[in-house]
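Participant: The following block contains a protein sequence and its predicted model.
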Amino acid sequence: MFRQSSAPTPPEFFKAGLSPEVPLSGGRTIWLLGPALVAGVAYLDPGNVASNMTAGAIYGFLLVWVVVLGNVMAWLVQYLSAKLGIVTGKSLPEILGERIGSRWARRGFWLQAELVAMATDIAEILGGAIALNILFDLPLVVGGLITGAVSLAVLQLHGHGRERIFERLIISMMFIVVIGFSAGVFLSPPEPTDVAAGLLPAFDGSQSVLLAASILGATIMPHAIYAHSALARDRFPRRPQAAVPRLLSATRWDVTIALTIAGAVNLAILLLAATSLQGRDDTGTLEGAHGAIAEVLGPVIATLFAIGLLASGLASSSVGAYAGAEIMHGLLRVRIPLATRRIITLIPALLILAFGVDPTQALILSQVVLSFGISFALIPLVYLGTRSDVMGDHQNRWWTTLVGVVVAALLVTLNLTLLYLVFTGSG
């Protein structure tokens with residue numbers, strides 16, 4: 001199914017005039033940061049908010065360990081994705097498009113990846129629409145249109161040497177998300193002993209297993225893997241071989257910073273629900289969670305939460321649309337105008353909103369679709385990292401591969417568990 005390909009030969013210079021002799025320290029290191037922070041927005045999308053809020057409201061601190069574990073696994077996954085893009089100068093979809101020999105196999109792979117990207121987009125558009133409804137009482141369909149239009153405008157900034165502008169805007173939205181989702185924890189902090197107790201792995205029935213799988217499914221998502229390899233490629237399109245170790249070192253810092261922020265915010269959402277909303281029966285929807293926060297912590301914290309949700313929907317939708325465009329280009333080797341693609345991928349979310357489908361149920365179903373796609377992205381990522389004809393001298397060491405295999409097996413098992421529980425009604 002896979003064809004062999006020779007290791008890439010990087011050009012002599014890389015972007016912005018940096019040379020191999022430039023030490024990656026101080027301001028230069030900061031200049032190299034960014035792709036992981038953009039990809040990290042995928043870890044703060046409305047699906048994450050719904051999963052973590054529900055887990056905290058129902059089970060308190062029981063699943064704190066799941067958030068922490070998911071973040072640790074995500075670090076390795078995102079680093080491997082960025083490493084692939086830096087070393088090869090290509091994205092994961094591009095490499096798969098070259099190595100999958102059968103045209104029909106390549107189209108089939110594209111179809112599942114495209115469905116995953118569209119499911120991700122549904123969650124993000126719905127989150128933005130709900131936030132606009134909460135803040136401005138806009139109809140959900142109108143909110144969905146606005147979210148889609150703004151994400152397209154943001155996405156237009158990417159390319160033609162404007163990657164840094166795109167990054168800065170997405171990162172700015174990320175910090176709005178951080179403030180919006182974390183403010184309530186500072187107003188009503190949890191007991192440290194309760195948080196520590198939640199670090200011990202435990203479940204409480206099949207529903208808690210379902211929520212744990214949902215948290216991990218919303219944390220490590222296929223489109224984030226595809227996107228990060230492409231973001232790293234775009235950020236460093238021209239770099240000499242001698243610069244690769246320095247770029248990988250900077251990337252480790254980039255991924256660490258991005259996932260520390262994302263993990264802290266996801267944990268804050270769960271702790272907020274566990275501390276202030278536990279036992280309430282009105283937190284099953286994002287609108288209900290907002291109302292409960294307003295009642296318990298006041299309108300200011302509730303408004304910050306809604307603003308964070310809006311920024312989450314806008315930023316993650318932009319990154320999701322970028323991932324979808326890269327999937328099509330890499331696997332089918334075609335490009336279509338961003339506006340056309342944005343309209344096509346916006347249609348499913350708008351239909352859901354127009355026909356009155358419960359947005360929260362749609363969010364849950366979107367996570368189920370994501371569960372189907374994780375293995376198709378993660379297994380090839382780990383496999384390609386072992387290939388000297390792909391990675392050259394930078395192929396993953398045996399212990400990195402071993403950890404990657406364990407992480408992939410665990411995530412695939414948990415996502416299969418999620419699918420089983422959903423379809424059998426065991427949750």
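Facilitator: Now that the structure is in, tell me what you want to look at. Bear in mind that the values here come from a model prediction, so they are computed numbers and not experimental data. Residues are numbered from 1 along each chain as shown.
Participant: low-scoring pLDDT stretches of the stretch 1-150 of the chain, where are they?
Facilitator: Residues of the stretch 1-150 of the chain meeting the criterion pLDDT under 70: 1-30.
Participant: one more time with 50, if that's ok
Facilitator: Applying pLDDT under 50 to the stretch 1-150 of the chain flags residues 1-27.
Participant: Please enumerate the helices of it.
Facilitator: Ranges of helices in the stretch 1-150 of the chain, per DSSP state H, counting those that start in this stretch, are 27-32, 35-39, 46-59, 64-88, 92-99, 103-136, 140-155.
Participant: And those: which comes nearest G373?
Facilitator: Set against G373 and scored by Cβ to Cβ, the helices of the stretch 1-150 of the chain come closest in helix 103-136, at 3.5 Å. Where you see a C-beta, it was placed from the backbone N, CA and C, and this is true even at glycine.
Participant: which helices and strands does that closest one pack with?
Facilitator: Helices and strands in packing contact with helix 103-136 are listed as helix 46-59, helix 92-99, helix 140-155, helix 222-235, helix 286-297, helix 299-332, helix 338-354, helix 359-384; criterion 3 or more Cβ pairs under 8 Å, 6 or more residues apart in numbering; DSSP states H and E.
Participant: what angle sits between that helix and helix 140-155?
Facilitator: 120 degrees (axes from the mean of the first three to the mean of the last three Cα atoms, to 10 degrees).
Participant: What are the buried residues along helix 103-136?
Facilitator: 106, 109-110, 112-114, 116-134 (16 or more other Cβ atoms under 10 Å).
Participant: how far is that helix from where the chain is centred?
Facilitator: For helix 103-136, the distance from its own C-alpha centre to the chain's C-alpha centre is 12 Å (Cα atoms, centre = their mean, to the nearest Å).
Participant: Now do D389 against K90, distance only.
Facilitator: According to Cβ to Cβ, to the nearest Å, D389 and K90 sit 13 Å apart.
Participant: Comparing those two, which shows the higher neighbour count?
Facilitator: Using other Cβ atoms under 10 Å as the criterion, D389 and K90 rank with K90 on top: 20 against 12.
Participant: What count of nearby residues applies to V154?
Facilitator: The tally of other residues near V154 (other Cβ under 10 Å) stands at 21.
Participant: and L267, which of the helices of the stretch 1-150 of the chain is closest to it?
Facilitator: Proximity to L267 (Cβ to Cβ) singles out helix 64-88 among these, at 5.1 Å.
Participant: Report the angle between the closest one and helix 92-99.
Facilitator: With the same axes, to 10 degrees defining the directions, helix 64-88 sits at 60 degrees from helix 92-99.
Participant: any idea how far helix 64-88 is from the chain center?
Facilitator: Worked out by Cα atoms, centre = their mean, helix 64-88 lies 11 Å from the chain centre.
Participant: next one: stretch 296-303
Facilitator: Centroid separation between stretch 296-303 and its chain, computed with Cα atoms, centre = their mean, is 27 Å.
Participant: What of stretch 220-237?
Facilitator: Chain-centre distance of stretch 220-237: 10 Å, with Cα atoms, centre = their mean.
Participant: L152 and R342 touch, don't they?
Facilitator: Yes: counting by Cβ atoms under 8 Å, L152 does reach R342; the two are 4.4 Å apart.
Participant: now the helices for the stretch 151-300 of the chain?
Facilitator: Going by DSSP H, counting those that start in this stretch, the stretch 151-300 of the chain shows helices at 163-187, 192-197, 206-219, 222-235, 244-272, 286-297, 299-332.
Participant: Relative to Q395, which of these is closest?
Facilitator: Taking Cβ to Cβ, helix 244-272 is the member of the helices of the stretch 151-300 of the chain nearest to Q395, at 12.3 Å.
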